[in-house]
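>>> Could you look at this predicted model? Sequence included:
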Amino acid sequence: MVSELRDTETQGRSDRDADDEGFLARWSRRKQADGPTEERPSAGGRRAGCSEPSLVNDSQQAVTQPELTDEDMPPVESLDEKSDYAAFMSPGISEQLRAEALRRLFHLPGLHVPDGLDDYAEDFTQFAELGDMVPHEMRRMLLRERQAAEAKLAAESEQQDKAEAEADSEQHEKTDRLLGQTDDAGCKDREQGSEPG
């Protein structure tokens, strides 16, 4: 009975300790208690049967290969979808030739497919004409423009008529003045002629 009591106390103490240690600590302890796990090779380690080329060989190959220039490249017009465009990325290639090769590459039918979600992929300069159909708003705008043009023409013709009337009245006044002066001169001549000399 005493041993059962001790076992119960020990179990209660370990449960309290287990509650105090937290989830991750319990999980780690139980994982280690389950048994040994497989050792996995680290990312930097080599696996058996895998042969990796050494970096030294790559750098030696890069040094031994001559740097490509514009003269080493095929003509841009001869490039197609089966051509190797990687050589045009060599540092010895001019920017102009590289741009021409990339332009040629991206205009190939397989790569020149516009995305349906691209807002600017469509040609919005070409559109179907409305034909004889004139929407209501467009009719209203045309009516407003016609009324404004007619009002402008009426105002211009009114100003022109007014200017012509003023010019006519001035002309009449000048004529009347000239006629009045002529009549006055004629009367004076008659008066002088009628007096005895």
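In hand now; what should we look at?
>>> Quick check: residue 129 vs residue 157, distance?
37 Å (CB to CB, to the nearest Å). The C-beta positions use only the backbone N, C-alpha and C, and glycine is treated the same way.
>>> and those two? which has more neighbours close in?
Between residue 129 and residue 157, residue 157 has the larger neighbour count (other CB atoms under 10 Å), namely 10 against 6.
>>> where's the more buried one, which helix or strand?
helix 136-194 (DSSP states H and E).
>>> Please work out the average pLDDT along that helix.
Per-residue pLDDT over helix 136-194 has a mean of 83.
>>> Can you name every helix or strand that it contacts?
Packed against helix 136-194, as judged by 3 or more CB pairs under 8 Å, 6 or more residues apart in numbering; DSSP states H and E, are no other helices or strands.
>>> Put the alpha carbons of stretch 21-28 into PDB.
Extracted in PDB, the C-alpha atoms of stretch 21-28 (Å, rounded to 0.1, in the frame of the first residue of the first chain):
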ATOM      1  CA  GLU A  21       7.000  22.400 -19.100                       C
ATOM      2  CA  GLY A  22       4.800  23.300 -22.100                       C
ATOM      3  CA  PHE A  23       3.700  21.600 -25.300                       C
ATOM      4  CA  LEU A  24       6.900  21.700 -27.300                       C
ATOM      5  CA  ALA A  25       9.000  20.400 -24.400                       C
ATOM      6  CA  ARG A  26       6.600  17.500 -23.800                       C
ATOM      7  CA  TRP A  27       6.600  16.700 -27.500                       C
ATOM      8  CA  SER A  28      10.400  16.700 -27.700                       C
END
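>>> Let me see the mean pLDDT of it.
86.
>>> and if you look at stretch 98-115?
Rounded mean pLDDT across stretch 98-115 is 86.
>>> From start to finish, how long is that stretch in a straight line?
25 Å (CA to CA, to the nearest Å).
>>> what do you get for stretch 76-83?
Start and end residues of stretch 76-83 are separated by 10 Å (CA to CA).
>>> what residues does that stretch touch?
74, 85, 97, 100, 101, 104, 105, 108, 109, 110 (CB atoms under 8 Å, 6 or more residues apart in numbering).
>>> can you do 10 Å?
Stretch 76-83 is contacted from outside by 73-74, 85, 88, 97, 99-105, 108-111, using CB atoms under 10 Å, 6 or more residues apart in numbering.
>>> Out of those residues, which sit inside strands?
Of the contacts of stretch 76-83, none are assigned to strands by DSSP state E.
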